[in-house]
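In: just coords:
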């Protein structure tokens, strides 16, 4: 499957997200009534983040999402730099939206190895098999772990 860099989803170094399986950035209605970029994930599509540095002090991530026409959810995987390669992506849960309304997700575990210090990670979102469309925006590592 072809990949493309996702404008609006880039980290400060300029490396973009890798999108495949029909995942794309598209214009959509935002909660404030404006139009802006969102990540659109049809059934089984995936989006892999650029490398991020995280600390064990902030072990969770959140995002805003909505189910455009979906039931199952978006699976969340995390892989860590491991010497010259990467660990096998670990499924740490699933995000669910509340129908067509933008909602904040529950915190998801972004630190799969439970070790102290800084780590380089990549996250992968994979839309469920019975999903027809999810939209995601505002992904961030969440310092509020309570």
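Out: Sure, I can see it. Every value quoted in this text rests on a predicted model; they were computed, and no experiment measured them.
In: for the helix or strand hosting residue 65, packing partners?
Out: Residue 65 belongs to strand 60-67 when assigned by DSSP states H and E. The helices and strands touching strand 60-67, judged by 3 or more Cβ pairs under 8 Å, 6 or more residues apart in numbering; DSSP states H and E, are strand 103-104, strand 108-109, strand 134-142. C-beta coordinates here come from the backbone N, C-alpha and C atoms, glycine included.
In: got the ones you listed as CSV, with mean neighbour count columns?
Out: Formatted as CSV, the helices and strands packed on strand 60-67 follow (neighbours: other Cβ atoms under 10 Å):
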stretch, mean neighbour count
strand 103-104, 14
strand 108-109, 16
strand 134-142, 19
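In: of those, which is nearest residue 127?
Out: Of all these, strand 134-142 sits nearest to residue 127, with 5.5 Å by Cβ to Cβ.
In: what's the angle from that closest one to strand 60-67?
Out: Put simply, strand 134-142 runs at 160 degrees to strand 60-67, going by axes from the mean of the first three to the mean of the last three Cα atoms, to 10 degrees.
In: helices or strands next to the lowest-mean-pLDDT helix or strand in the chain in the packing?
Out: Sorting the helices and strands of the chain by mean pLDDT, DSSP states H and E puts strand 134-142 at the bottom, at a mean of 80. With contacts taken as 3+ Cβ pairs under 8 Å, 6+ apart, strand 134-142 sits against strand 35-41, strand 60-67, strand 118-127.
In: bridging residues for the residue nearest in space to the middle of the chain?
Out: The centre of the chain sits closest to residue 125, judged by Cα atoms, centre = their mean, with a distance of 4.7 Å. Note on residue 125: beta-bridge partners residue 47, residue 76, judged by DSSP bridges.
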